[in-house]
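[1] Fold the following and give me the result.
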Amino acid sequence: MMATHLFIFFSLSSSLLPPASATSSHGGHGPCKDDGDIASICSHTDYVSLCINAAHTYGHAYAVIDAASLFGMHIHMASDRTKTVKDLASHLAAKPSSSQSVKQALVICIKMYGDALDDLVKGSDAIKARDEGTANSMLSGVISYYSTCDDAFTEIPAPNPLCKQDGTLMHIVSNALALAHLILSKGP
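    Numbering: from 1, shown residues only. Okay, here's the model as predicted:
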């Protein structure tokens, strides 16, 4: 029952985020900032609406919304969601009704999510140090960790109960990579 609630919560969490048009900069969740400025920065990402939702969801913690703060919001969002899906994977792996092959795939996912959390921190630290090579390596690695989880189920073969979450996580980190490039291309 708990896994069902976690799955429903995580699956619906992105649909519970306010659409970019549902909040204004004066009555929304983030700091008082022109949504046009946010959209302009987010236009440099592949998943613009996800970027705008990150600003509305995590923007309250930032005095200014710029490429650097949007990068931080994406790292925060990826970390939060990775922790949630890692917990879900642990719960599913502990279920007696899960087959041995599914449990083995979930163990791979749990390991990959742990590695992703570590490399999200390293990637963020590399951006602060203006080390583009390390940042790209760490964040690209994070995307591959989520993909490795998917691959573990493809090899069984069995449906991946975490596939949707992995896809969303890859989109979040893809946006973070685009924002990292934007930050580092502007100079110190």
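[2] Nearest the geometric middle of this protein, what residue?
    The centre of the chain sits closest to residue 78, judged by CA atoms, centre = their mean, with a distance of 2.6 Å.
[3] Would you confirm that that residue contacts residue 175?
    No: checked against CB atoms under 8 Å, the pair residue 78 and residue 175 is beyond contact range at 9.1 Å. Every C-beta, even on glycine, is put in place using the N, C-alpha and C of the backbone.
[4] Residue 99 against residue 159, yeah?
    No: with contact defined as CB under 8 Å, residue 99 does not reach residue 159; the gap is 11.6 Å.
[5] Show me which positions of the helix or strand where residue 105 lies end up buried.
    For residue 105, the host element (DSSP states H and E) is helix 100-128. Residues 102, 105-106, 108-113, 115-117, 119-120, 122-124, 126-127 are the ones in helix 100-128 that count as buried (16 or more other CB atoms under 10 Å).
[6] how far is it from where the chain is centred?
    Relative to its chain's centre, helix 100-128 lies at 12 Å (CA atoms, centre = their mean, to the nearest Å).
[7] Residues contacting whichever helix or strand comes after that helix, please?
    For helix 100-128, the following helix or strand on the C-terminal side (DSSP H and E) is helix 132-154. With contact meaning CB atoms under 8 Å, 6 or more residues apart in numbering, helix 132-154 is reached by 78, 89, 102, 104-106, 108-109, 112-113, 115-116, 119-120, 122-123, 126-127, 159-160, 162-163, 166, 169-170, 173-174, 176-177, 180-181, 184.
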